[in-house]
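Enquirer: have a look at this fold, sequence not included:
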């Protein structure tokens, strides 16, 4: 008898675990569809925490407008940037949409990628009084880069020759830390996406961008493999927002990036 | 990237992991004794602040202490952040682990019965002699398993050094995982940590055995 009770208890426990799993799936049919947006919460101006503690930024605002249009409930999920695709696979979020560079390796790994929406360049951010004028001046200097960003993959790949010129490349887990390392003189430059550098240089005195285009790339949205339909819905809705002017209105608030938005400058 | 290149790359980082491990032990083990003795001092002016410091060190995450030691001086006093990250990392780890060790030492020292002290006094041992010759050898024997516990944790905690951009083995693993969109580096890291700890376990087991001279 005891054994049967024990077995039954085990079974009930298992069932309740299964229940947990089911409840977590984002596409539950009850009520409005919940759309979980995966962002890097420390990535201004695309996604960051506003003064009131809520998440904002260009990508977040566009996504919010998309969800409003579709009647979806938006949930924002801060991913660990270097694990973003694993977290996407684990269904912790339904997309990664946060100034993310689309790479061929993502396509090869089977992720569904939206059409690019932003033209990005990689630049070096240095201190204003440092006197560095080009990447050549940074020979033998230390440079910081964020782990999991396209800048990091560039330094390990196409720009390996540039990376070899630096005395060392310091990998940080967030851009904020890269910038702290720079202002604290632990590194001499930060290798970063141009809009992020521009936003930082504007907010904080004493920094400048070396005007040298080191890597061209494009931002897009990543979905899980098999989510072509979801991708298409989001893309179409964004297109609708572009048409009715909402997109341009949001873009106006972010002057640093407006010139590189592909959907507006066709 | 082949598995072999992966392992070679991560082994390079393993040296930095070992640097944290050995330097932390080197500083934390003796520092723990000092803290334990101060903590057990009968004078409350000495013991109370030490008690408070230990409670802070044990009550806040190591990651936070690491950030405080590395970036604190810059934010508070505008002192440049250290370029060699090993220095702040070892300082933070040593202080943190010394706090844990000190409590283990204290437990060991307090477990020795007063009869031992009385016997030593009767036999004419001075206070220092009693502590070094009689008490300490017994303490070490009893606390070894707890110390092994902490050392094993230390091996795994070295990965926290990534928070301050110190390029140890796990960081390199993460970088590879990222560029290759692969999970293999984490498995390699897991094996590395396990082997490292198996060696630690073996060595500590040997030491324990050599100390068990009173048992048959």
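Expert: That came through, no problem. This one's a predicted model, so the numbers in the text were calculated from it and none came from an experiment.
Enquirer: surely residue A:40 is in contact with residue A:78?
Expert: Yes: assessed by CB atoms under 8 Å, residue A:40 is found in contact with residue A:78 at 7.3 Å. In short, each C-beta sits where N, CA and C put it, glycine included.
Enquirer: the more surrounded of these two?
Expert: residue A:40 (26 against 17; other CB atoms under 10 Å in any protein chain shown).
Enquirer: excluding chain neighbours, what is closest to the residue of the stretch 151-266 of chain A found nearest chain B?
Expert: For the stretch 151-266 of chain A, the residue closest to chain B is residue A:184, as judged by CB to the nearest CB, at 3.2 Å. The shortest distance from residue A:184 to any non-neighbouring residue, by CB to CB, 6 or more residues apart in numbering or on different chains, is to residue B:81 (3.2 Å).
Enquirer: how about that neighbour, phi and psi?
Expert: phi -70, psi 140 (degrees, to the nearest 10).
Enquirer: swap in the one 10 residues further on?
Expert: For residue B:91, the backbone dihedrals (degrees, to the nearest 10) come out as phi -60, psi -50.
Enquirer: against the centre of chain B, work out the most remote residue.
Expert: Here chain B reaches farthest from its C-alpha mean at residue B:122, the gap being 37.4 Å by CA atoms, centre = their mean.
Enquirer: which residues touch that one?
Expert: Listed by CB atoms under 8 Å, 6 or more residues apart in numbering or on different chains, residue B:122 has no contact partners.
Enquirer: so what pLDDT did it get?
Expert: Looking at residue B:122, its pLDDT reads 94.
Enquirer: and it, what are its phi and psi?
Expert: According to degrees, to the nearest 10, residue B:122 has phi -60, psi -40.
Enquirer: do stretch A:40-52 and chain B meet at all?
Expert: No: applying CB under 8 Å from any CB of the partner chain, one finds stretch A:40-52 separated from chain B by no less than 13.5 Å.
Enquirer: got the buried residues for that stretch?
Expert: For stretch A:40-52, burial by neighbour count (16 or more other CB atoms under 10 Å in any protein chain shown) applies to A:40-48.
Enquirer: so which residue is smack in the middle of chain A?
Expert: residue A:98 (3.0 Å).
Enquirer: helices and strands of chain B: which one bottoms out on pLDDT?
Expert: The weakest-scoring helix or strand in chain B, judged by mean pLDDT, DSSP states H and E, is helix B:169-180 (a mean of 82).
Enquirer: next step: the buried residues of stretch A:40-52 restricted to strands.
Expert: Using DSSP state E, the members of the buried residues of stretch A:40-52 that fall within strands are A:42-43, A:47-48.
Enquirer: closest to chain B among these?
Expert: residue A:42 (13.9 Å).
Enquirer: which residue packs closest to the closest one, ignoring adjacent ones?
Expert: Nearest to residue A:42 is residue A:174, by CB to CB, 6+ apart, at 4.8 Å.
Enquirer: tell me how many other residues crowd that neighbour.
Expert: Residue A:174 has 17 nearby residues by other CB under 10 Å.
Enquirer: what residues are up against it?
Expert: Contacts for residue A:174 (CB under 8 Å, 6+ apart) come out as A:42, A:81, A:146.
Enquirer: what of residue B:83?
Expert: With CB under 8 Å, 6+ apart, residue B:83 has these contacts: A:142, A:185-187.
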